[in-house]
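Participant: Here you go, sequence then predicted model.
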Amino acid sequence: MMADDGNLNLCSNLYRHALKHPEAVALSIAGCQFSYGELATAVCDQVRTLTDRVETGSRVVVVGRRSVSAYVGTLAVAWLGGTYIPLLSRYPDAYIAPLLERLQPTLILADSAAECSRLAGLTSRPVRQIAEPAQVYTPAEGLMPPAAVAPDGLAYMVFTSGTTGLPKVVAPTYSNVTHFCRGMQQRFQFTASDRFGQYVELDFDPSVINLFCAFAVGASCWVMSETEVLLPWSYLTRNEVTVLYCMPSLAALAMRDGIALPALKHTLFGGETLTPTIAERWRTVAPQSSVHNYFGPTETLVACSSFHYQEPTAVTPERNSVPVGFPLPGVVMRVVDSALQPCNDGESGEILVSGPQVISGYWRDEERSRDAFVCLDDSDLRWYRSGDLGYRDRSGCFHFLGRIDNQIQLRGMRVEIDHIEAVARRCSGCEQVAVIPWPVVDSRVEGLALFLEGEPAPRAALITALTEELPRAQIPSVIRWLSPLPKSRTGKVDRKQLASHLAAPRPTDS
């Protein structure tokens with residue numbers, strides 16, 4: 001949401017609450033707790049060190065971890081009207097160097113001297129260490145208003161994977177972010193007393209919810225350390241976090257460990273399949289929390305639809321999963337066939353998304369933008385092709401069926417990986433499963449491998465159950481149990497790591 005003065009700068013709400021409610025808690029990170037007044041003062045101190053380099057529209061890369069410096073530096077760039085580009089210091093040189101060459105940033109900020117030295121060896125662009133924030137601040141002292149920004153100015157940049165290996169750059173405008181925060185507020189009715197739990201990194205787009213949706217209402221963002229992220233339950237309970245973005249796999253761990261989260265008010269599940277079993281059991285973990293399943297490619301700003309789960313009968317029967325629900329206010333969704341013609345309710349096709357929070361295209365990438373963002377004959381809107389398969393039911397609720405590009409050719413048949421995973425979940429009773437093509441010989445898929453999270457169970461019984469629901473050619477030739485399944489930096493199952501487990505035969509292979 002925009003500030004009272006109409007300025008769309010991402011820090012306008014931070015500034016507004018620093019003036020009106022300077023003592024209210026804004027940010028807790030690395031053992032430091034900042035009020036709105038203190039955080040705004042710390043950010044303005046950083047701003048003064050950057051005015052010689054950063055102005056409205058400047059692209060600034062911020063490299064760091066879960067540190068006070070990284071957060072204050074990021075907010076300082078936003079305060080100046082720059083486009084912040086978060087990268088993690090653990091990224092290897094081979095990943096960072098090509099990105100820096102492509103982005104040509106005005107400035108690169110790092111949260112340590114060692115990181116500055118490394119980056120200086122990778123690029124000719126100027127590198128600067130973020131000034132160490134002071135330990136004590138006088139709230140709201142010497143504040144300057146955030147820079148005015150144009151609605152079509154770029155707020156931040158994040159990256160999504162590309163099939164060519166070159167990441168796609170998603171660069172939402174200030175208008176995109178404003179509409180997203182406004183839609184989230186209308187749907188969830190956050191309040192100033194809310195505490196948003198931040199377990200994702202700044203380069204993962206759900207961080208936008210935890211920072212800027214919080215600042216919009218004068219709430220607070222609570223950032224977990226790298227150690228706390230591994231087992232976040234104690235942190236969430238101790239700090240009485242009320243809003244949590246969570247992947248279902250993380251929730252499954254909480255339920256296994258017998259965790260209770262009585263303070264939680266809103267749980268936003270996303271990024272993976274949410275089953276009714278997990279949703280039901282989560283309500284025993286957090287009995288005061290609403291449970292929402294959301295859908296949202298990065299190109300649509302984190303979330304473009306959500307479903308408020310309230311009863312076990314609310315399912316997508318084809319996958320035994322919770323629906324992805326109804327579009328956020330201002331968002332329009334539709335389902336189309338391969339010719340981009342509208343599907344009737346109940347007919348499956350590709351999910352398209354449009355509206356003021358959807359980006360207009362990838363940054364400086366016309367070819368991939370043409371493929372992903374289209375205009376339709378019966379609409380003046382520009383639509384994002386999600387690549388997701390789904391349908392809308394008669395109530396207007398959307399259902400997710402899987403990725404269109406998760407189809408493979410196996411022995412002459414087109415096979416839906418997502419469907420096989422849904423059957424495996426049902427037959428095994430395991431909530432976390434993954435199927436990958438294996439082996440692949442000369443680009444030809446010759447079989448499937450099934451991974452299940454948990455303790456090994458009798459394979460023969462599982463194979464029998466799978467055979468009752470799947471054609472014999474779709475029964476995985478390899479079945480392995482892992483605890484836990486490996487995860488990527490975004491918390492999703494890391495299928496490349498799974499493939500590495502298949503390098504050598506093991507006795508558990510079927």
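Facilitator: On my side now, so go ahead.
Participant: Report the contact partners of Val63.
Facilitator: Residues near Val63 by C-beta atoms under 8 Å, 6 or more residues apart in numbering: Leu87, Leu88, Ser89, Ile96, Ile108, Leu109, Ala110, Asp111, Glu115, Leu119. Glycine gets a C-beta too; all of them are placed from N, C-alpha and C.
Participant: For the second one, list each beta-bridge partner.
Facilitator: Right, Leu88. Using DSSP bridges, the beta-bridge partners of Leu88 come out as Gly64.
Participant: Surely it touches Asp203?
Facilitator: Yes. Here Leu88 reaches Asp203: they are 6.0 Å apart, a contact under C-beta atoms under 8 Å.
Participant: Ends of stretch 441-450, what's the gap?
Facilitator: Distance across stretch 441-450, first residue to last, is 18 Å (C-alpha to C-alpha, to the nearest Å).
Participant: Check which residues of it are buried.
Facilitator: Neighbour-count burial for stretch 441-450 flags Val445, Gly447, Leu448, Ala449, Leu450 (criterion: 16 or more other C-beta atoms under 10 Å).
Participant: Likewise for stretch 168-180?
Facilitator: Neighbour counts over stretch 168-180 (16+ other C-beta under 10 Å) mark 168-180 as buried.
Participant: Not counting sequence-adjacent ones, nearest residue to Arg187?
Facilitator: Leu328 (5.9 Å; C-beta to C-beta, 6 or more residues apart in numbering).
Participant: can you count the residues close to that neighbour?
Facilitator: Using other C-beta atoms under 10 Å, the number of residues around Leu328 comes to 26.
Participant: One more: Ser395?
Facilitator: So Ser395, with other C-beta under 10 Å, has 8 neighbours.
Participant: so it, which of the three states?
Facilitator: Here Ser395 is coil, with the state taken from DSSP: H, G, I helix; E, B strand; the rest coil.
Participant: for the stretch 301-450 of the chain, what are the low-confidence residue spans?
Facilitator: The stretch 301-450 of the chain contains residues with pLDDT under 70 at 411-414, 442-443.
Participant: Quick one: the strands in it, in order.
Facilitator: For the stretch 301-450 of the chain, the strands defined by DSSP state E, counting those that start in this stretch occupy 305-309, 326-327, 332-336, 349-354, 373-375, 382-392, 398-403, 407-410, 413-416, 433-437, 440-441, 444-445, 448-453.
Participant: ok, now the stretch 151-300 of the chain?
Facilitator: With DSSP E, counting those that start in this stretch as the criterion, the stretch 151-300 of the chain has strands spanning 158-160, 168-170, 195-198, 220-223, 243-246, 266-269, 290-295.
Participant: Determine which of the ones you listed approaches Ala499 most closely.
Facilitator: Closest approach to Ala499 among these (C-beta to C-beta): strand 158-160, 20.9 Å.
Participant: Max pairwise distance over the contacts of Val63: which two?
Facilitator: Ile96 and Asp111 (14.5 Å).
Participant: Thr467 touches Gln474, doesn't it?
Facilitator: No. The criterion here is C-beta under 8 Å, and Thr467 misses it with Gln474 at 9.7 Å.
Participant: Pick out whichever of those two has more residues nearby.
Facilitator: Gln474 (21 against 13).
Participant: what residues are up against that one?
Facilitator: Contact analysis of Gln474 by C-beta under 8 Å, 6+ apart lists Leu410, Met413, Val415, Ile420, Leu448.
Participant: got a pLDDT number for it?
Facilitator: Confidence at Gln474, expressed as pLDDT, is 87.
Participant: try the one 4 residues further on
Facilitator: Val478 is assigned a pLDDT of 94 by the prediction.
Participant: per the record, what domains does this protein have?
Facilitator: Split into domains by automatic domain parsing, the chain comes to 12-182, 293-403, 411-500.
Participant: So which of Ile96 and Asp111 has more stuff around it?
Facilitator: Per other C-beta under 10 Å, whichever of Ile96 and Asp111 has more neighbours is Asp111, with 24 against 20.
Participant: which non-adjacent residue is nearest the more buried one?
Facilitator: In space, and not counting its chain neighbours, Asp111 is closest to Gly64: 3.4 Å by C-beta to C-beta, 6+ apart.
Participant: go on, Val374?
Facilitator: Closest to Val374 by C-beta to C-beta, 6+ apart is Trp383, at 5.5 Å.
Participant: count of residues packed around the one you found?
Facilitator: Trp383: 23 neighbours (other C-beta under 10 Å).
Participant: now it: how far from Leu19?
Facilitator: To Leu19, Trp383 is 40 Å away according to C-beta to C-beta, to the nearest Å.
Participant: got it, and Val243?
Facilitator: Distance from Val243 to Leu19, by C-beta to C-beta: 24 Å.
Participant: Low-confidence regions, the stretch 151-300 of the chain specifically.
Facilitator: Applying pLDDT under 70 to the stretch 151-300 of the chain flags residues 161-165.
Participant: residue ranges for the helices of it, please.
Facilitator: Ranges of helices in the stretch 151-300 of the chain, per DSSP state H, counting those that start in this stretch, are 174-188, 207-208, 214-217, 226-230, 233-238, 248-256, 276-285.
Participant: Would you convert those helices into TSV that also reports distance to Phe196?
Facilitator: Listed next are the helices of the stretch 151-300 of the chain as TSV, based on distance: least, C-beta to C-beta, whole Å:
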stretch	distance to Phe196
helix 174-188	11
helix 207-208	10
helix 214-217	5
helix 226-230	15
helix 233-238	11
helix 248-256	16
helix 276-285	18
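Participant: Looking at the ones you listed, spot the one closest to Leu340.
Facilitator: Among the helices of the stretch 151-300 of the chain, the nearest to Leu340 by C-beta to C-beta is helix 174-188 (23.4 Å).
Participant: just checking, what packs against that closest one?
Facilitator: Under the contact definition 3 or more C-beta pairs under 8 Å, 6 or more residues apart in numbering; DSSP states H and E, helix 174-188 sits against helix 214-217.
Participant: Confirm for me that Cys11 is in contact with Val77.
Facilitator: No. With contacts counted by C-beta under 8 Å, Cys11 stays clear of Val77, the gap being 9.5 Å.
Participant: joint contacts of the two?
Facilitator: Counting by C-beta under 8 Å, 6+ apart, no residue touches both Cys11 and Val77.
Participant: Quick check: the gap between Ser395 and Asn9.
Facilitator: Counting by C-beta to C-beta - Ser395 and Asn9 are separated by 39 Å.
Participant: how about Ile475, what does it touch?
Facilitator: Leu448, Ile463, Leu466, Thr467.
Participant: next one: Val169
Facilitator: Arg102, Leu103, Met157, Val158, Phe159, Tyr362, Trp363, Arg364, Asp365.
Participant: What about Ala42, how many residues nearby?
Facilitator: Using other C-beta under 10 Å, Ala42 has 23 neighbouring residues.
Participant: likewise His399?
Facilitator: Around His399 there are 25 residues (other C-beta under 10 Å).
Participant: So what sits opposite the closest residue to it other than its chain neighbours in the bridge?
Facilitator: Closest residue to His399 apart from its sequence neighbours, by C-beta to C-beta, 6+ apart: Thr316 at 4.1 Å. Note on Thr316: beta-bridge partners by DSSP bridges are Ser321.
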